[in-house]
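Colleague: Task: produce atomic coordinates for the following.
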Amino acid sequence: MQYTHLGRSGLKVSRLCLGTMNFGPQTEESAAHTIMDSALGAGINFFDTANVYGGAEHRGWTEEIIGRWFAKGGERRERTVLATKLYGTMTDRPNESKLSALNIRRALDASLKRLQTDYIDIYQFHHVDRNTPWDEIWQAIEVAVQQGKILYSGSSNFAGWHIAQAQEAAARRNYTGLVSEQSIYNLLTRNVELEVLPAAQQYGLGIIPWSPLHGGLLGGVLKKERDGVRRLEGRAAETLKKHHDKVREYEDFAEELGHEPGDVALAWLLHQPAVTAPIVGPRTQEQLDAAIRAVDVPLNEDALKRLDAIFPGHRTAPEDYAW
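Modeller: Take a look at the predicted model:
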C-alpha cells in the first residue's frame, strides 16, 4: 500500500479509503469486521463513516459496528485513521441536524460513544450549512479540539466558494480550518474540476472522491450484464443508456490495457494531482480485493489522454467556458 499526506496536514493516510456505508444495511456485522481486518492487513489505514449511516430506521448502526470492531482490541483503533461525519438528521428533534454549535457538541459525543473511542481523527461536515455562521462552527470545533475529541476537520459536498469561505473564516481565527474535501468524482462525473479542485489545491485540502465507480457503471457493467452477473434498473439503467457508447469504449480500452474496468477507474483517480484517496465501499471481501489491485495499476500519458478522450473533463473555471 502507498501512503500520502492528507492535504497540507502532517497526517499520513493510505491511497485508498475504506468506505463503510454498506456496513449494516448491505453487509452483516461479522462480514464487515472481516473486511475491516483485511483492509488493515492490506495497509489501508484510512476508514470513513458517518453518523447517519445505517439506514432511516437505524441511523448510527454503521458507527456501532465499527465501535464493536475497535472493542476487539489488537490495536485496531490505534492503527486506523478514523473519519466520520455530521450534518444529517438523526431524530425529529429540531437541533439534531446540521452544524449548529449545539448539534456539533451532541453529535460528536454520540459518535464517540457509538464508535467506542475517545477521539476522531477527521471530523467532517457532510454538507454545507448555509444557516450557521462559520464563526459559530469554528468556535465549536476549536472547543472539541481543545478537549481532545477531534484532531482535524474536513468537508463534504462543498462548492469551491464554500471551501474559500470556510478557510478565510478559519484564517481570521488563526485556526487550521479544513484539511480535506469529499466530493463525487469519477471519469463520468468531473464537475469538481471547474472550481472545487482548484479551491482545494489553493487551500491545501486533500480530495477524497466518493462514488469512484459511479455506482458501478465504471466497474465493467456491460460485461457483467452480458455474463448475467448484474442487470441495472431504474436511474442506473437510464444513466447507462445515456452513456452506453462511452462505457463500451471504456471497457474495451480497459481490456486493451489488460486490467479490469474498475481497476482502471480507481487508478485514473489516483493519477489526479488533487486526489488523496478514493473511497471504496465494498459489500464483500471480493470487492475489497479488487479495489486494492488498483493501487498498482500504471497509467502512462497515452492512457490518460485516451481516458480523457472517452470521458472529457473540465478546465479550471472560467477558462472552461470563457476566455
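
Colleague: So for stretch 117-131, what gets flagged as buried?
Modeller: T117, Y119, I120, D121, I122, Y123, Q124, F125, H126, H127, V128, D129 (16 or more other CB atoms under 10 Å). Backbone N, C-alpha and C define where each C-beta goes, glycine included.

Colleague: how far away is the first one from R293?
Modeller: Using CB to CB, to the nearest Å, T117 is found at 30 Å from R293.

Colleague: Pipe the buried residues of stretch 117-131 into CSV and attach pLDDT and distance to V196 per row.
Modeller: Below are the buried residues of stretch 117-131 laid out as CSV (pLDDT from 0 to 100; distance: CB to CB, whole Å):
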residue, pLDDT, distance to V196
T117, 98, 30
Y119, 98, 28
I120, 98, 24
D121, 98, 22
I122, 98, 18
Y123, 98, 20
Q124, 98, 15
F125, 98, 14
H126, 95, 16
H127, 97, 14
V128, 97, 12
D129, 97, 17
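
Colleague: who touches stretch 67-76?
Modeller: For stretch 67-76, the surrounding residues in contact (CB atoms under 8 Å, 6 or more residues apart in numbering) are E29, A32, H33, M36, L40, R77, T80, R114, L115, Q116, T117.

Colleague: And the helix or strand V143 falls within, what does it pack against?
Modeller: In this structure, V143 sits in helix 134-146 according to DSSP states H and E. In terms of contacts (3 or more CB pairs under 8 Å, 6 or more residues apart in numbering; DSSP states H and E), helix 134-146 is packed against helix 101-115, strand 120-125, strand 150-156, helix 160-172.

Colleague: Only C-alpha atoms, please: export it in CSV.
Modeller: This file holds the C-alpha atoms of helix 134-146, laid out as CSV (Å, rounded to 0.1, in the frame of the first residue of the first chain):
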residue,chain,number,x,y,z
TRP,A,134,-18.7,30.0,10.2
ASP,A,135,-17.5,31.7,13.4
GLU,A,136,-20.0,29.6,15.3
ILE,A,137,-18.9,26.4,13.5
TRP,A,138,-15.2,27.0,14.0
GLN,A,139,-15.7,28.0,17.7
ALA,A,140,-17.4,24.7,18.4
ILE,A,141,-14.7,22.8,16.5
GLU,A,142,-11.9,24.6,18.4
VAL,A,143,-13.5,23.6,21.7
ALA,A,144,-13.7,20.0,20.5
VAL,A,145,-10.0,20.1,19.5
GLN,A,146,-9.0,21.6,22.9
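
Colleague: for the protein, what spans make up the helices?
Modeller: For the chain, the helices defined by DSSP state H cover 29-41, 61-70, 101-115, 134-146, 160-172, 196-203, 221-226, 234-242, 244-257, 261-270, 285-293, 301-310.

Colleague: Tell me which of these sits most buried.
Modeller: Highest mean neighbour count among the helices of the chain (mean count of other CB atoms under 10 Å): helix 261-270, with a mean of 24.

Colleague: Could you check the angle the lowest-mean-pLDDT helix or strand in the chain makes with helix 244-257?
Modeller: In the chain, no helix or strand scores lower on mean pLDDT, DSSP states H and E than helix 234-242, which sits at a mean of 81. Counting by axes from the mean of the first three to the mean of the last three CA atoms, to 10 degrees, helix 234-242 lies at 80 degrees to helix 244-257.

Colleague: Which residues does helix 234-242 contact?
Modeller: Contact partners of helix 234-242, identified using CB under 8 Å, 6+ apart, comprise H214, G215, G216, L217, V221, L222, L232, V247.

Colleague: now with 7 Å?
Modeller: Residues from elsewhere that reach helix 234-242, judged by CB atoms under 7 Å, 6 or more residues apart in numbering: G215, L217, V221, L232, V247.

Colleague: if we can go back for a sec, now render the buried residues of stretch 117-131 as CSV, adding distance to Y321.
Modeller: Below are the buried residues of stretch 117-131 laid out as CSV (distance: CB to CB, whole Å):
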residue, distance to Y321
T117, 46
Y119, 44
I120, 39
D121, 38
I122, 34
Y123, 35
Q124, 30
F125, 29
H126, 29
H127, 26
V128, 23
D129, 29
